[in-house]
Structure formats: structure tokens, C-alpha cells
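Participant: Provided below are the primary sequence and the corresponding predicted coordinates.
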Amino acid sequence: MSEDRLIVFDTTLRDGEQSPGASMTRDEKVRIAKALERMRVDVIEAGFPAASEGDFESVQAVAQSVQESTVCGLARALDSDIIKAGEALRGGERTRIHTFIATSPIHMEKKLRMTPDQVVERAVEAVKLARRFTDDVEFSPEDAGRSEPDFLCRVLEAVIDAGAGTVNIPDTVGYNVPEQFGGLIRMLRERIPNADKAVFSVHCHNDLGLAVANSLAAVMNGARQVECTINGLGERAGNAALEEVVMTVRTRQDIFPCTVGIDTTQIVPTSRLVASITGFTVQPNKAIVGANAFAHESGIHQDGVLKSRETYEIMRAEDVGWSANRMVLGKHSGRNAFRSRLRELGIEFSSEEELNEAFARFKALADKKHEIFDEDLQALVTEAGTEAENERVKLVALKVCSETGEIPDARVTLSVDGVERQGRAQGSGVVDASFKAIERIVHSGTELQLYSVNNITSGTDAQGEVTVRLEKGGRIVNGQGADTDIVIASAKAYVNALNKILAPEERAHPQAADV
Ligand code: KIV
Ligand code: ZN
């Protein structure tokens, strides 16, 4: 890769998943990874294999499914973590191990209870061990943004000598400001004697809303990898948003000394996919991917844009993938057209049976809705994927009654472990009544944390895509459902979330770990 190419490292599947409530199943992670690969992201951090069996399997599945991007697994600077990461990545086309240990005085003293000498020694051992599994090793001094510069130089020089090809400088707590953070990167590159042997990377959190600004300041000062997430998802206030970093570098080529290799037309579809899977919807005024990002409301602006687009637009909506809502299939489309359009979207079926099921759903949808868009197909596949997994509860039938002056009422039939059961309840609306009726059957003891509805495309015949977030004993899951009837979509989403909660999967938290 040429020196002036900025490496885009996406950590939506790892740091992004650390957003409270943004957990993803293995299959969902594979779908997002395939979308990132289509976008030509250079490195995909797929997870933290030592955190749980589920994380291990997800990293393994992503490593097996992705060929073009490098797939990365996170590991604490512990032999057992590194071995796990190496095992999860085995057989992948291009793989990287990313190992980290904290270097700030507060983290070393209070969290690790290790001396600086011990930290350097552990970091070096970790990098050497990781190199036995892959030639591509990244090291991060966690909380670098609050670490002492002399100590950072010492650790980084040692890990580069030990074989780290990428050294990543995280502003773990989002404390830095652009000028200072840029200065830190410049200082490290100037002072570390073997700095030219490694790519300098940055990983900025958004606690002060400066993650993108800090990342870009670092790029201006020699960083050539930026770690970021789709829609800025991530721990607490999130990470630097991939779409903002990429589009800034691309739009301001007059200023930035590097280029990106991203297919930017995949930005909006990928943003939508991540939003739908995690339930973290995108605010309308969010840069690049928000619904209003290219909408001109004021008359003066509209007039200007009609006369010459450049008067008020610095980017073209279609360049970031806003050309969506294109009719792609309809009622008369056949199985082959269906399969090949999905293939173009990067969706493959593992068996003929899976394809047939999805095609049957497509036909049912096409009966209700004339025009089927890419977004409808994505939703259809999300639904098929979620239903296939560990499905103990199935929605068999739903009947609701809503009338002015009357209390809304719902009757639901579910199949629970193969046995049909009925429930009926009233509620403040038909959705509320349906959820209560489902609970009367399942008695899940969960708490509803989020209920959100989004129209997938426009028009009153559009499918509504519903996300339901449920919590039980600290475990949080998201369920999705899509239908042209939003009450049915809501019930499907609720049942989908219940199935996930009935199939527990443990998750640990990398940065909360003890080493
Ligand atoms: O924020 C952070 O420090 C991290 C590291 C594991 C890179 O996510
Ligand atoms: Zn982080």
C-alpha cells in the first residue's frame, strides 16, 4: 500500500458492539462484515475472541467469510487471549491480531496494578506471541491520550522492535483536543527511533464530540490508519464515524495528504444495515447518513441548488449511496432474478432450502407491495436470518382491534417449543396490547428498553421496520421485524427479541478486563 493511502480500520463489530444495547448475533456480524468488505474497508475488527464462546465463533465466521479485507481479532496482552485470537482467525485469507495494554499512570496503577517496567515487558511478550500466528500485528497502548509521552515512546519503540507493524494511539476516554492530539502523533513519529517501521494509527472516542476532529488532526500529522465505526457507534459516546472521516478526506483532497480506497456509494446502505441490526437509529441531521443530510429546506438554498448544485452542496448524494429506493424487483420477478439481486447485495444462501424460504417471503411481500427495493430485500433477509436461529417462539397469528372510544385489544397465537398457545390483552394502543398478550403466554420477565419504528422506503405501502430492545438480568438483546403492517412488524420484532433472550450468549467487555 502506498505511503499516502489512509487505511480505514472499522471496529463496528467490536467497539461498536460495546455500545450498551448494540449486541449482534454471529450471523448479523457476518452480514455487516460482508457489507464492509463491499465498501472496501481495509481492516475489519470482528470482535474479541477471548471474551466469550459467542465472540470467538463470530470472529471465526467473519474470518471465513471475508476475503478482500483484513480480519482482525482483539486480544488483551495475555497469552491466553492471543492464542484464542490466533485460533479464531486461523484459515482466514488476511488476518491481524490487535493486542493492547494500558499505559496511563491511572490505568497502570489502579486497574492493572503493574509497574511501567512490567507493562513494557508484557506488551513485548504479547506482540512476539501474536507474531507466531500472523505477520500482521497491531499494538495499542490503551489510554494513550492520558499517558506520559516519554513512557509512550519507550513502549512503542519496544513493540515495534518486537514486530508490531501498526501502533495504534487510542484516546480511550475522549479527553484530547485536535491540536494537542495531532501534536502527540507528530511528536511520537519524530521521537521514536524506529517509527518508520510501523504505520501510526488512531482510535478516538467521542466523549467531547471531537473523535472525528481528533482523528483528522492525527492524519494531518502523519497517522495513516484511522479506527472508526459506522454511524459513530461505540463505547459510551461512540467512536469516530467512518462516513465522516472518509468523506472529509475525500472531499478535501486539497488539504489532506492521503487518499482513501473506500467505495463511498456503499456508505448509506451499510449505515442503514447497521442501524437496523443494532436498533441505533441515525438522527436526521447526522452528517452524510442522516435523512436530512442532503435535503434543502430554505427557498434560497433550493433556488441555488436548482441553478447550480455546487452553490450549497459540497458532496453529491449519490456518491455516498443516497440513490436508494430504486425499484429492483416486483410481483413477477422469478427466483433467479431474486437470487442474483441478493448476490449483488452480497447476500448468499447456504442452502437451496434457505433460498426457497426467502423467495416465499419475497412473493408474500410482493403480493402486498408492488415495488420491492433493495432495502426491502435487506429487511427480508434480516428477518429470515433472525428467525432461523434458536427459534423457540413463533408468531402464528395476531388479531387486533382498534376503535375510537374503545380500549385497544389484541389476541395472539404463538407456538412455544412446538405447542400452540393463545393470549389476549388490552393496552394503550394495539402494539402495547400485542406485547402484553405475548407476555401473558411467555412470561419472559424482560423489560422493554426500546421500541422504534422506521419506514424502510417511502409511501404508505412501505414496510415498517421495528426494533425492540429487551433487558433481563443485565443482558440486553435487540429484535427486528419488518412488515407492511407495523403492528405485525412490532409483534415479529418482540418475538425475535424473546428468542434471543431465551438463547443466552455470554459477553464480556474488553476494556473492563483486568489486564
Ligand atoms: O478505546 C480503546 O482504548 C480501545 C482499545 C482496545 C484500542 O478500544
Ligand atoms: Zn475504543
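Facilitator: Now that the structure is in, tell me what you want to look at. Numbering: from 1, shown residues only. Ligands and ions are numbered 1, 2, ... in the order given.

Participant: secondary structure class for the residue of the chain most remote from its centre?
Facilitator: Distance from the C-alpha centroid of the chain peaks at Gly405, with 43.6 Å (CA atoms, centre = their mean). In three-state terms, and counting by DSSP: H, G, I helix; E, B strand; the rest coil, Gly405 is coil.

Participant: contacting residues for it?
Facilitator: Taking CB atoms under 8 Å, 6 or more residues apart in numbering, we find Gly405 in contact with no residue. Placement of C-beta: from N, CA and C, glycine included.

Participant: Thr115 now?
Facilitator: Met108.

Participant: Could you give the backbone dihedrals for it?
Facilitator: With angles defined as degrees, to the nearest 10, Thr115 sits at phi -80, psi 160.

Participant: Quick check: the gap between it and ligand 1.
Facilitator: Going from Thr115 to ligand 1 by CB to the nearest ligand atom, to the nearest Å gives 21 Å.

Participant: try Asp143
Facilitator: In terms of CB to the nearest ligand atom, Asp143 sits 6 Å off from ligand 1.

Participant: pretty sure that residue is touching Ile169, no?
Facilitator: No. Using CB atoms under 8 Å, Asp143 is not in contact with Ile169, being 10.3 Å away.

Participant: measure stretch 289-305 end to end?
Facilitator: Stretch 289-305 has an end-to-end distance of 20 Å (CA to CA, to the nearest Å).

Participant: Please renumber the chain so that the first residue is 767 from this point on.
Facilitator: Happy to do that; since the first residue is 767 now, the last one works out to stretch 1055-1071.

Participant: What lies in contact with that stretch?
Facilitator: Residues contacting stretch 1055-1071 (CB under 8 Å, 6+ apart): 997, 1009, 1033-1034, 1037, 1048-1053, 1077-1079, 1081, 1083, 1086, 1088.

Participant: Tell me the buried residues within the residues you listed.
Facilitator: Asn997, Glu1009, Ile1033, Val1034, Ser1037, Val1048, Lys1052, Met1081, Ala1083, Val1086, Trp1088 (16 or more other CB atoms under 10 Å).

Participant: Just to check, the last one is in contact with Val1034?
Facilitator: Going back to what we said before, that points to Trp1088. Yes. Taking CB under 8 Å as the definition, Trp1088 is a contact partner of Val1034 at 5.4 Å.

Participant: for Met1081, what are its contacts?
Facilitator: Per CB under 8 Å, 6+ apart, neighbours of Met1081: Met1013, Thr1017, Ile1054, Phe1060.

Participant: Report the buried members of the residues you listed.
Facilitator: By 16+ other CB under 10 Å, those give Met1013, Ile1054, Phe1060 as buried.

Participant: Not counting its neighbours along the chain, what's nearest Arg1038?
Facilitator: Glu1141 (6.6 Å; CB to CB, 6 or more residues apart in numbering).

Participant: okay, now that neighbour: neighbour count?
Facilitator: 23 (other CB atoms under 10 Å).

Participant: The contacts of Met1081: which ones sit near ligand 1?
Facilitator: Among the contacts of Met1081, no residue sits close to ligand 1 (CB under 6 Å from any ligand atom).

Participant: taking those residues one by one, which sit in strands?
Facilitator: Judged by DSSP state E, those include no members of strands.

Participant: Next to ligand 1 in this structure, residues from the chain, please.
Facilitator: Counting by CB under 6 Å from any ligand atom, the chain sits next to ligand 1 at Asp781, Phe866, Ser906, Glu908, Pro936, Thr938, His969, His971, Pro1276, Gln1277.

Participant: Of those, which is the nearest to Ile810?
Facilitator: Asp781 (12.1 Å; CB to CB).

Participant: Let's see the pLDDT reported for the closest residue to Asn972 other than its chain neighbours.
Facilitator: Nearest residue to Asn972, sequence neighbours excluded (CB to CB, 6+ apart): Ala1003, at 4.2 Å. pLDDT recorded at Ala1003 is 94.

Participant: before we move on, what about Ala1126?
Facilitator: 89.

Participant: right, and the helix or strand after the helix or strand harbouring it?
Facilitator: Using DSSP states H and E, the element containing Ala1126 is helix 1118-1134. Using DSSP H and E, the helix or strand that follows helix 1118-1134 in sequence is strand 1137-1139.

Participant: Give the other helices and strands that that next one contacts.
Facilitator: strand 1093-1096, helix 1118-1134 (3 or more CB pairs under 8 Å, 6 or more residues apart in numbering; DSSP states H and E).

Participant: Which strands border that strand, and is each parallel or antiparallel?
Facilitator: Counting by DSSP bridges, the strands paired with strand 1137-1139 are strand 1093-1096 (antiparallel).

Participant: circling back to that earlier point, which single one of the buried ones among the contacts of Met1081 is nearest to Lys800?
Facilitator: Using CB to CB, those come closest to Lys800 at Ile1054, 21.1 Å.
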